[in-house]
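K.L.:
From the sequence below, what's the structure:
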Amino acid sequence: MPTASHSSPTIAFDRPVLQKINLRVQSIPGELAEPQIPSTAGMTSRVMKGSLWTLGGQVAPLFFSFIATPFVIRLLGVEGYGVFILIGLIPSYFNFADLGMGMASTKFGSEAYADGDRGREARIVRTSALLALVMSVPIALLIATFSGRLAALFNVPSEFQGQAGLALQIAAGTFVLNFLNSIFNTPQLTRLRMDLNTLVSSVPRILGVIAVPMVIYFGGGIVGAVTVLFMASLLTLIANLYFSRALLPDLVGVSIERAVIRPLLRFGGALVFASIAAVFLVNVEKLILVRVTSVETLAHYSVAYTLANMVTLFTVAMAQSLVPAFSQLAKPDKRDQLDRLYVRSLRINIFSLLPCLLILAIVAKPFFTVWAGPEFGVASPLPFYILQIGLFFNLNACIPWAVILSQGRTDIFAKLYWIQILPYIGLCAFLTYRFGAVGAATAWSGRVISESYILFKYAGRIGGVHFSLSQYVGALLLGLLILLPPLLLAAAVNELSPWLLVLIPVSLVSYSALIWKKIVEPEEKVWVAQQGNNLYNRIFRFVY
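P.N.:
Below you'll find the predicted structure:
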């Protein structure tokens with residue numbers, strides 16, 4: 001099996017290949033001619049390219065969402081918008097209902113793909129889907145049956161309870177479809193075909209985002225908006241089945257992989273056990289806000305959380321590529337490749353997050369005011385700033401999280417989440433009761449910072465990967481000094497000072513020069529130069 005040399009200090013990068021996606025199943029390129037056992041050489045380049053595709057697939061729907069959301073807020077009102085958020089939030093507390101098969105399918109499917117066993121890969125996907133349906137369908141039926149009581153339980157205003165009950169019934173169907181989508185995209189993920197996965201997932205989302213305010217405007221209300229999201233998920237499932245079958249013709253069949261049921265359930269069972277705690281850890285501050293304050297406060301906090309999550313885009317995109325990549329490299333003879341990919345991913349992530357945080361911190365207050373209204377411009381900025389601190393640590397922890405998952409040690413997540421759940425709920429309740437949305441943001445950030453430290457420790461112990469931050473401390477501190485002046489100016493004067501138009505570009509250019517000189521490695525500079533030259537040649541040929 002051709003692999004990169006383990007003695008080489010460099011990492012091979014794939015040459016860019018432009019592939020045209022034909023809508024006919026038989027003509028999707030590269031799959032019929034691929035080797036039986038795929039090469040893992042150039043994995044870093046494939047992960048980065050896949051991350052950029054996934055990033056584009058996340059940015060495009062968010063762009064339309066940011067345009068559409070102010071209309072949704074104004075059409076539904078602050079209370080109605082809070083109810084709309086709650087409809088999507090309630091099913092998320094049952095995300096364990098897929099038995100962890102979304103992640104399990106990706107991990108075990110990637111291993112089968114790396115071994116060249118396409119038939120086993122297909123059976124793993126089908127087995128995972130069957131196991132997910134066995135658990136998720138009954139839970140969806142329970143949500144639909146008790147939808148009215150759930151709406152009343154979470155203090156939905158009386159005038160919205162009828163709509164909320166019906167909308168929850170529809171959301172229960174979306175709940176099941178989303179699980180199937182997370183499984184049937186496995187052939188795309190194992191091959192790191194993020195171009196296909198991006199198109200399949202983002203196009204229906206964009207159509208749904210555009211349609212939601214239109215449906216509300218024409219009288220569909222909350223029920224109409226939730227129906228649109230159901231249709232978008234259904235369209236995504238159809239597309240996933242179409243393209244995944246093109247990549248893996250054996251996908252269509254009725255047989256399952258009996259031998260993998262127990263490993264799938266062991267892996268997924270620990271993940272489910274962790275997820276039961278995680279759904280509270282991730283969202284408990286939102287529920288506490290509703291209980292001790294109001295749906296208006298939930299709306300203020302949710303808008304802050306939405307903007308803060310802008311900075312998650314690249315890391316989440318990278319993690320989606322890293323899980324199958326790490327799974328294919330989780331073998332003793334590929335340990336060096338795994339470690340190099342881990343270190344490089346962390347370096348890219350850490351130093352790309354800092355300027356993103358700077359820009360978001362500067363634009364937050366005027367953005368909230370213009371995008372959501374003056375009420376949000378007053379109530380949302382401070383929770384947002386606090387959330388940013390936690391997100392920096394949380395997003396970097398996504399990379400050791402992917403290493404631990406690729407090693408099959410999902411039991412680590414279960415232990416970690418359950419140990420902290422009761423202390424966190426108590427701390428969150430206390431801080432939220434005392435300080436409202438600011439307290440909720442503080443509790444959330446404190447939890448993810450401590451959790452990040454633990455994940456890094458376990459990734460080194462279990463995966464054998466190593467990352468030394470000490471060698472980058474000098475560059476990190478100097479980078480912070482370069483990026484701070486525009487933030488200090490915005491805080492001292494105001495966020496709309498014309499001097500920021502000069503100071504921000506100067507800081508970003510200076511920061512980029514620092515990273516290029518101190519952080520980017522020689523072979524990476526060569527690769528970047530090659531990519532720039534290739535891009536120039538393509539543009540030149542296109543123009544002339």
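K.L.:
continuing past the host helix or strand of residue 166, what's the next helix or strand?
P.N.:
Remark: residue 166 resides in helix 158-184, with elements defined by DSSP states H and E. Once helix 158-184 ends, the next helix or strand along the chain (criterion: DSSP H and E) is helix 186-190.
K.L.:
how far does the helix or strand that that following helix is followed by sit from the chain's center?
P.N.:
Remark: after helix 186-190, the chain's next helix or strand is helix 194-217, criterion DSSP H and E. Helix 194-217 sits 16 Å away from the centroid of its parent chain (Cα atoms, centre = their mean, to the nearest Å).
K.L.:
Can you show me the CA trace of helix 194-217 as CSV?
P.N.:
Presented in CSV, the C-alpha positions along helix 194-217 are these (Å, rounded to 0.1, in the frame of the first residue of the first chain):
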residue,chain,number,x,y,z
MET,A,194,-16.4,17.0,0.8
ASP,A,195,-17.3,18.7,-2.5
LEU,A,196,-20.2,16.3,-2.9
ASN,A,197,-21.1,16.3,0.8
THR,A,198,-21.1,20.1,0.7
LEU,A,199,-23.5,20.3,-2.2
VAL,A,200,-25.8,17.7,-0.8
SER,A,201,-26.1,19.3,2.6
SER,A,202,-25.9,23.0,1.8
VAL,A,203,-28.2,23.4,-1.2
PRO,A,204,-31.4,22.1,0.6
ARG,A,205,-30.5,24.2,3.7
ILE,A,206,-30.2,27.3,1.6
LEU,A,207,-33.5,26.7,-0.1
GLY,A,208,-35.1,26.1,3.4
VAL,A,209,-33.6,29.3,4.8
ILE,A,210,-34.9,31.4,1.9
ALA,A,211,-38.3,29.8,2.1
VAL,A,212,-38.9,30.2,5.9
PRO,A,213,-39.6,34.0,5.9
MET,A,214,-41.6,33.7,2.8
VAL,A,215,-43.8,31.1,4.3
ILE,A,216,-44.2,33.1,7.5
TYR,A,217,-45.1,36.2,5.5
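K.L.:
who does that helix touch, helix- and strand-wise?
P.N.:
Counting contacts by 3 or more Cβ pairs under 8 Å, 6 or more residues apart in numbering; DSSP states H and E, helix 194-217 packs against helix 43-92, helix 186-190, helix 221-247, helix 313-328. (Glycine included, C-beta is placed from N, CA and C.)
K.L.:
among those, which is nearest residue 439?
P.N.:
Between residue 439 and these, the shortest gap by Cβ to Cβ is with helix 43-92, which sits at 18.5 Å.
K.L.:
after that closest one, next one along is what?
P.N.:
Using DSSP H and E, the helix or strand that follows helix 43-92 in sequence is helix 101-114.
K.L.:
Can you check what angle separates that following helix from helix 158-184?
P.N.:
10 degrees (axes from the mean of the first three to the mean of the last three Cα atoms, to 10 degrees).
K.L.:
for helix 101-114, packing partners?
P.N.:
Using 3+ Cβ pairs under 8 Å, 6+ apart, the elements in contact with helix 101-114 are helix 118-145, helix 158-184, helix 186-190, helix 261-292, helix 313-328, helix 398-406.
K.L.:
Buried deepest among the helices and strands packed on helix 194-217, which one?
P.N.:
Highest mean neighbour count of those: helix 186-190, a mean of 28 (counted as mean count of other Cβ atoms under 10 Å).
K.L.:
what helices or strands is it leaning on?
P.N.:
On a contact count with 3+ Cβ pairs under 8 Å, 6+ apart, helix 186-190 meets helix 101-114, helix 118-145, helix 194-217, helix 221-247, helix 313-328.
K.L.:
Extract the C-alpha trace of the shortest one and format it as PDB.
P.N.:
It refers to helix 101-114. Output in PDB follows, covering the C-alpha atoms of helix 101-114 (Å, rounded to 0.1, in the frame of the first residue of the first chain):
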ATOM      1  CA  MET A 101     -24.600   5.500  14.600                       C
ATOM      2  CA  GLY A 102     -23.800   8.700  12.700                       C
ATOM      3  CA  MET A 103     -20.300   8.800  14.100                       C
ATOM      4  CA  ALA A 104     -20.000   5.000  14.300                       C
ATOM      5  CA  SER A 105     -20.800   4.700  10.600                       C
ATOM      6  CA  THR A 106     -18.100   7.200   9.700                       C
ATOM      7  CA  LYS A 107     -15.400   5.500  11.900                       C
ATOM      8  CA  PHE A 108     -16.100   1.900  11.000                       C
ATOM      9  CA  GLY A 109     -16.900   2.800   7.400                       C
ATOM     10  CA  SER A 110     -13.600   4.700   7.100                       C
ATOM     11  CA  GLU A 111     -11.700   1.600   8.400                       C
ATOM     12  CA  ALA A 112     -13.400  -0.700   5.900                       C
ATOM     13  CA  TYR A 113     -12.700   1.800   3.100                       C
ATOM     14  CA  ALA A 114      -9.000   2.000   4.200                       C
END
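K.L.:
Any stretches of the stretch 401-544 of the chain with poor pLDDT?
P.N.:
494-496, 535-536, 540, 542-544 (pLDDT under 70).
K.L.:
now with 80?
P.N.:
490-497, 521, 523-544 (pLDDT under 80).
K.L.:
any chance you could map the strands in it?
P.N.:
For the stretch 401-544 of the chain, strands defined by DSSP state E, counting those that start in this stretch do not occur.
K.L.:
any idea how far the closest residue to residue 114 other than its chain neighbours lies from residue 127?
P.N.:
Of all residues not flanking residue 114 in the chain, residue 328 sits nearest, at 4.2 Å (Cβ to Cβ, 6 or more residues apart in numbering). Distance, residue 328 to residue 127, by Cβ to Cβ, to the nearest Å: 20 Å.
K.L.:
Please apply the same query to residue 441.
P.N.:
Applying Cβ to Cβ, the value for residue 441 to residue 127 is 41 Å.
K.L.:
Could you do residue 274 as well?
P.N.:
Counting by Cβ to Cβ - residue 274 and residue 127 are separated by 21 Å.
K.L.:
before we move on, the earlier item: what angle separates the helix holding residue 166 from helix 118-145?
P.N.:
170 degrees.
K.L.:
remind me which residues of the stretch 251-400 of the chain are low pLDDT?
P.N.:
For the stretch 251-400 of the chain, counting by pLDDT under 80, the residues that fall below are 275-276, 278-280, 282-283, 290, 292-297, 306, 309-320, 330-334, 371-373, 377-378.
K.L.:
Residue 310: how many residues sit nearby?
P.N.:
Residue 310 is flanked by 18 other residues according to other Cβ atoms under 10 Å.
K.L.:
Can you report phi and psi for the closest residue to it other than its chain neighbours?
P.N.:
With sequence-adjacent residues excluded and distances taken as Cβ to Cβ, 6+ apart, residue 310 is closest to residue 360, at 6.0 Å. Note on residue 360: backbone dihedrals following degrees, to the nearest 10 are phi -70, psi -40.
K.L.:
Lovely, talk soon.
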